[in-house]
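got a predicted structure here, sequence first:
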Amino acid sequence: MSNERHLASTITALLSALLITLFIVACEPKEQGPPPEPKGMDVFVTFEGPWAIVPDPKDSNSVLAIAPKTKSHRPLGVVPADTALEAGIYDLAIPVHGERGKPEADKNILRADIDPQAVQLASGTRGERYVIRLPKPDAYLAETSYLSRISTKYPPDASEEKNYATAVALRYHTASKIGFQLSGTPDDGPAFKPLLLELNTPLIRFTIDPLEVHLHDDCYLHAREAFRDLVRLVRLKLYIDFAGPEECRKQDPQLLPAKKALLLNPLSIENTTTMQNDMQLRAAGFSGNILDTYVNSVARSSSKVGAAIYFFSSDTGGCKAPIILNNGG
């Protein structure tokens with residue numbers, strides 16, 4: 001009997017000690033562990049100007065953005081790199097992983113069938129084009145759009161008129177702001193030093209603007225010329241037109257020989273002083289619904305480029321020609 005009482009007493013003591021230990025452990029302050037991993041964020045890479053976006057013939061997980069380099073445009077401006085690019089082939093590294101599916105595409109983006117051979121020929125025209133290689137996005141979004149007419153015949157019929165995207169944002173879902181890098185090879189001049197892009201806001205922008213801003217160009221001669229140069233580059237037979245007087249069509253650069261169009265189109269007169277003083281600010285300009293949620297944070301930025309993005313919108317001077325997206329996505 002005494003042995004049973006002794007065993008019960010021992011068990012009670014052990015249980016009491018265990019409860020006390022558990023209570024002490026529960027009451028001790030816990031060490032702070034590492035912060036939780038971010039769930040990810042959306043990053044937008046916007047192209048504005050005469051661009052065609054096509055599959056990369058060498059990599060099914062990549063796309064190429066191709067634009068003509070002409071005397072009527074400023075050099076290609078890049079934000080947030082705060083730089084301008086000469087004609088060449090460049091790579092934008094974005095921290096996305098795995099196989100890329102078929103992206104969604106906004107219905108207002110102009111679609112066309114661009115032959116892979118035409119892409120290779122365009123890529124090989126040294127000194128006459130920009131090429132940006134980047135991963136296939138999750139979606140193509142229309143950032144800004146403008147009313148125009150597109151057709152394989154000239155002039156396009158009024159029934160062809162609709163809002164076409166003039167700036168397209170490629171959306172990527174990433175887990176980090178780190179790992180964005182721009183590298184590449186200019187066709188001429190010094191080697192291009194790779195740039196690590198610091199994303200204070202989730203925005204990257206490639207902008208090609210006309211040399212001069214003509215607010216009262218009712219004929220949209222520059223947009224016509226830019227679209228002509230783009231479709232020639234990627235071997236498409238397409239024409240653009242805008243609602244307006246018949247007189248505009250008589251001086252349309254799409255129909256005139258190149259030298260005569262240069263004389264008629266005031267946007268083709270190269271103004272190097274304006275380009276040097278104004279290129280950086282205009283390259284930073286943006287507008288549109290996609291980026292509205294980020295404007296306030298950019299406006300508070302102390303950087304020159306951040307201020308330029310907020311105060312200089314490309315609505316007034318940007319190209320009104322639509323961006324072309326290959327039908328394959």
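Happy to help now that I have it. Remember, predicted model here, so these are calculated numbers, not experimental data.

just the helices from the stretch 101-250 of the chain, written as ranges.
Secondary structure of the stretch 101-250 of the chain by DSSP state H, counting those that start in this stretch: the helices cover 116-123, 221-233, 247-250.

export those as JSON lines, with columns for mean neighbour count, distance to Tyr172 and mean pLDDT.
The way it works is simple: take the backbone N, C-alpha and C, and place the C-beta from them, glycine included. Listed next are those as JSON lines, based on neighbours: other CB atoms under 10 Å; distance: least, CB to CB, whole Å; pLDDT from 0 to 100:
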{"stretch": "helix 116-123", "mean neighbour count": "16", "distance to Tyr172": "22", "mean pLDDT": "94"}
{"stretch": "helix 221-233", "mean neighbour count": "24", "distance to Tyr172": "24", "mean pLDDT": "94"}
{"stretch": "helix 247-250", "mean neighbour count": "14", "distance to Tyr172": "39", "mean pLDDT": "92"}
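
quick check: which of the ones you listed is nearest to Gly77?
helix 221-233 (15.4 Å; CB to CB).

just to revisit the earlier point, will you turn the helices of the stretch 101-250 of the chain into a markdown table that also has distance to Ile53?
As requested, those are exported to a markdown table (distance: least, CB to CB, whole Å):
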| stretch | distance to Ile53 |
| --- | --- |
| helix 116-123 | 11 |
| helix 221-233 | 11 |
| helix 247-250 | 28 |
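
quick one: which of the ones you listed is nearest Ile94?
Nearest of the helices of the stretch 101-250 of the chain (CB to CB): helix 116-123, 20.2 Å.

for the record, mean pLDDT for the helix or strand where Leu64 lies?
If you go by DSSP states H and E, Leu64 is part of strand 59-68. Across strand 59-68, pLDDT averages out at 96.

for the closest residue to Ser145 other than its chain neighbours, what are its contacts?
The shortest distance from Ser145 to any non-neighbouring residue, by CB to CB, 6 or more residues apart in numbering, is to Asn163 (4.2 Å). For Asn163, the contacting residues are Asn108, Ser145, Tyr146, Leu147, by CB atoms under 8 Å, 6 or more residues apart in numbering.

so how far is Gln254 from the last one?
What that stands for is Leu147. 18 Å (CB to CB, to the nearest Å).

the third one now?
Taking CB to CB as the measure, Tyr146 and Gln254 are separated by 17 Å.

of Leu147 and Gln254, which one has the most company?
Comparing Leu147 with Gln254 by other CB atoms under 10 Å, the one with more neighbours is Gln254, at 20 against 11.

alright, I will stop here.
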